[in-house]
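Peer 1: Show me how the following folds:
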Amino acid sequence: MVDVLACATSRLRLELNSQVTLDEAELKKLGVTHVMKINDRIVHLLLGNSAAETGQAMKALLV
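Peer 2: Next comes the predicted model:
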């Protein structure tokens with residue numbers, strides 16, 4: 001993952017460093033309600049009200 005951004009109150013935008021296969025079933029177990037593939041490197045995850053908090057935690061892992 002190259003970057004993560006809370007682009008709405010309920011959505012995270014992930015920029016991936018390469019085309020990867022996401023395990024949507026596993027993401028749903030973690031609280032993701034929907035996965036939107038924008039293109040080969042950009043994915044939006046719908047999380048509900050926890051998107052901003054989850055995004056901050058993920059961004060901290062990128063450093």
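Peer 1: contacts, neighbours, all on C-alpha from now
Peer 2: OK.
Peer 1: Please list all residues in contact with the closest residue to residue 42 other than its chain neighbours.
Peer 2: Closest residue to residue 42 apart from its sequence neighbours, by Cα to Cα, 6 or more residues apart in numbering: residue 15 at 4.8 Å. Contact analysis of residue 15 by Cα atoms under 8 Å, 6 or more residues apart in numbering lists 1, 2, 3, 4, 41, 42, 43.
Peer 1: nearest spatial neighbour of the third one, skipping sequence neighbours?
Peer 2: By the measure of Cα to Cα, 6+ apart, the closest residue to residue 3 outside its immediate chain neighbours is residue 15, 5.1 Å from it.
Peer 1: Next, the one you found: phi, psi?
Peer 2: Per-residue torsions, residue 15: phi -110, psi 120 (degrees, to the nearest 10).
Peer 1: Check which helix or strand residue 5 maps to.
Peer 2: strand 3-8 (DSSP states H and E).
Peer 1: Put the alpha carbons of that strand into CSV.
Peer 2: Taking C-alpha atoms only, strand 3-8 is exported to CSV below (Å, rounded to 0.1, in the frame of the first residue of the first chain):
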residue,chain,number,x,y,z
ASP,A,3,-1.2,5.7,0.6
VAL,A,4,-4.5,5.7,2.5
LEU,A,5,-6.9,8.6,2.8
ALA,A,6,-10.3,9.0,4.5
CYS,A,7,-12.1,10.5,1.6
ALA,A,8,-15.5,10.6,3.2
